[in-house]
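>>> Just need the structure, nothing else, for what follows:
(one chain, ligands or ions: 1)
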Amino acid sequence: MVLKLVILAAGFTVLSVVFGILEKAWPSVKGQRRLRRGVKTDIAWYFWDTLLNKSIVFVAVAAVAIPIALVPAAASDTTVKEFLQHRHSFVSDQPEWLQAIELFFLFDLIGYWTHRGFHHLGLLWKYHAVHHSSTELDWLSAVRVHPVNEIGTRVIQALTLLLFGFNATLLGAYVPLLTFYAIGLHANVPWDFGPLRYVIASPVFHRWHHTSEREGLDRNFAGAFPWLDALFGTLYMPRGRQPVEFGVLGEQVPEGLWRQLLYPWRGRKPEFVAPE
Ligand SMILES: [Zn+2]
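Model (predicted):
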């Protein structure tokens, strides 16, 4: 446990230094302090995510996926583990590189709609509001994710894996990659990847998703592919402008890990504000 804490602290230090340099050299919001509002809350979330949240989410996914896999596993006279590793479907018979590409697109499509669901379905919003509560946004804001938010997304993704017969080990590679990419998407930098700005999600694309400015509300739900937002009519990324106001419009989410963990059971959904 002590060794794990040391490793996590070292990881935090490395990320702080790397993003600290980038955000200082190329700030999107100029003059934002390194020890900005909510930094203590986010440090607590960082350790919560890495020490506890992953285990909670793993147990939740297993609790849903294993009973579903039990029936076909029993029917084919194998264990659940063997069934998941060796089942055959039109997907599992494909080479792994092709499965990886398909999984990438499929997960972002699922992520788009689950994310949109967390915004528009009243009960779910309160869990997602915690993630939107940073009023000064930088790389560390990525760690504010309520476990119910995470469980909801991962369970749906795991069930998709089961349904199509993807190689389960691909999920193990995909989730850490996405987690690390999400950290970069929140960074206080003005990058939009130029000609690829509508192809691959950038900090500018995702920071518009976090804005409390009315023009950007409920936009840019995709995690990796902005063209999904273009396809479904929710893209907002004006050229030459970047958001400067962040947080939840009309709703006061408290600071502090425990208060934010309990917030969905105490908070209220704000009035829906239609994008202009
Ligand atoms: Zn959101």
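>>> next helix or strand past the worst-scoring helix or strand of the chain on mean pLDDT?
Here the helix or strand of the chain ranked lowest by mean pLDDT, DSSP states H and E is helix 80-86, holding a mean of 68. Using DSSP states H and E, the helix or strand that follows helix 80-86 in sequence is helix 96-120.
>>> Buried residues, that following helix. List them.
99, 103-104, 106-112, 114-119 (16 or more other CB atoms under 10 Å). C-beta coordinates here come from the backbone N, C-alpha and C atoms, glycine included.
>>> I'd like to know how many residues surround Gly194.
Number of residues near Gly194 (other CB atoms under 10 Å) recorded here: 7.
>>> scratch that, Pro67
Neighbours of Pro67 (other CB under 10 Å): 10.
>>> what does Ala129 give?
24.
>>> OK, contacts around the closest residue to it other than its chain neighbours?
Nearest residue to Ala129, sequence neighbours excluded (CB to CB, 6 or more residues apart in numbering): Val248, at 5.3 Å. Residues near Val248 by CB atoms under 8 Å, 6 or more residues apart in numbering: 129, 132-133, 212, 270.
>>> These into CSV, with extra columns for pLDDT, secondary structure and distance to Arg259?
As requested, the contacts of Val248 are exported to CSV (pLDDT from 0 to 100; DSSP: H, G, I helix; E, B strand; the rest coil; distance: CB to CB, whole Å):
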residue, pLDDT, secondary structure, distance to Arg259
Ala129, 94, helix, 13
His132, 96, coil, 15
Ser133, 94, coil, 10
Ser212, 92, coil, 20
Pro270, 50, coil, 18
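>>> tell me which of these is nearest to Lys30?
Ser212 (18.5 Å; CB to CB).
>>> Report the contact partners of the closest one.
135, 245-249.
>>> one more time with 7 Å
245-249 (CB atoms under 7 Å, 6 or more residues apart in numbering).
>>> Among these, which are located in strands?
Judged by DSSP state E, these include no members of strands.
>>> Any quick ChimeraX command for the buried ones out of those?
Buried residues within those, by 16+ other CB under 10 Å, are selected in ChimeraX with:
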select :246,247,248
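>>> of all the contacts of Ser212, which two lie farthest apart?
Glu245 and Val248 (11.1 Å).
>>> low pLDDT regions in the stretch 151-276 of the chain?
267-276 (pLDDT under 70).
>>> which residue sits closest to Trp227, ignoring its sequence neighbours?
Excluding the flanking residues, the one nearest Trp227 by CB to CB, 6+ apart is Tyr198, at 5.6 Å.
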